[in-house]
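*Asks:* task: produce atomic coordinates for the following.
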Amino acid sequence: MPNVRSTASLTLLRALAASALFVAAGALHAQALPPGVRLGMTADELQAALPAAERVQRPQRLGGGLLGSWRGEPVQMAGLLFEPTFFFAASELRRVEYVAAAQGTPDSGAAAFAALVQWGRGAFGNELASRDPGSAYAAWVSNDTDVYVQQVSDPRRASVRLVYKARQLRDGSEL
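*Replies:* Below is the predicted model of the structure:
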């Protein structure tokens, strides 16, 4: 009988491992840019790649002329619902930002932040990180793209953010 139990246990362990691998693969896909989306594309190319993307009524403005003028369908990642915004400058997609409100979670999004950092380590290697009271940050560089994850744990405006942005190298004299 011991062989039957060990065979059953081994089968169960393999099934659990396969399930975990499947879930992890789904999590990795969720954090990647949507299929067909790449930094540098035009708004028309974005609309062709994401037909459900909609223009934003009041675009968000960021430094460097970035305009968050398109929004995609919400995406479930790391236990939170993230809303993607697509930022353009000079007619090119320069930034994709996923933001999830976390003030309703008991940990203010700490578990989601930790899961995204783990994903980032697997996808890009070790991160450059910082932690201050009320916030945490982890960043990676991948070719011509900067990727970062940020958690703000203020109870009134707790959030988790995942950002892909076009890398901008600056001359030291510009600093």
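
*Asks:* any low-confidence regions in the chain?
*Replies:* Scanning the chain with the threshold set as pLDDT under 70 gives 1-31, 169-175.

*Asks:* and the strands in it, which stretches?
*Replies:* 54-61, 67-71, 75-77, 80-89, 92-101, 128-132, 135-142, 145-152, 159-166 (DSSP state E).

*Asks:* buried ones in the third one?
*Replies:* Buried positions in strand 75-77, judged by neighbour count with 16 or more other CB atoms under 10 Å: Val75, Met77. C-beta coordinates here come from the backbone N, C-alpha and C atoms, glycine included.

*Asks:* now do the last one
*Replies:* Burial within strand 159-166, assessed by neighbour count using 16+ other CB under 10 Å, is assigned to Ser159, Val160, Arg161, Leu162, Val163, Tyr164, Lys165, Ala166.

*Asks:* between the residues you listed, which is closest to Ala89?
*Replies:* Ala166 (8.8 Å; CB to CB).

*Asks:* contacting residues around the closest one?
*Replies:* Leu39, Gly40, Glu92, Arg94, Arg95, Asp144, Thr145, Asp146 (CB atoms under 8 Å, 6 or more residues apart in numbering).

*Asks:* repeat that with 7 Å
*Replies:* Applying CB atoms under 7 Å, 6 or more residues apart in numbering to Ala166 gives the contacts Leu39, Gly40, Arg94, Asp144, Thr145.

*Asks:* neighbours of the closest residue in space to Val149 that isn't next to it in sequence, just the number please.
*Replies:* Leaving aside its chain neighbours, Val149 sits nearest to Leu116 (4.5 Å; criterion: CB to CB, 6 or more residues apart in numbering). If you count neighbours by other CB atoms under 10 Å, Leu116 ends up with 29.

*Asks:* quick one: Leu116 from Tyr164, how far?
*Replies:* Distance from Leu116 to Tyr164, counting by CB to CB, to the nearest Å: 12 Å.

*Asks:* do the same with Gly40
*Replies:* Taking CB to CB as the measure, Gly40 falls 12 Å from Tyr164.

*Asks:* how about Gln57?
*Replies:* Taken as CB to CB, the span from Gln57 to Tyr164 is 24 Å.

*Asks:* would you confirm that Gly79 contacts Ala114?
*Replies:* No: with contact defined as CB atoms under 7 Å, Gly79 does not count as touching Ala114 (10.5 Å).

*Asks:* which of these two has more residues huddled nearby?
*Replies:* Per other CB under 10 Å, whichever of Gly79 and Ala114 has more neighbours is Ala114, with 17 against 13.

*Asks:* report the contact partners of that one.
*Replies:* With the criterion set at CB under 7 Å, 6+ apart, Ala114 makes contact with nothing.
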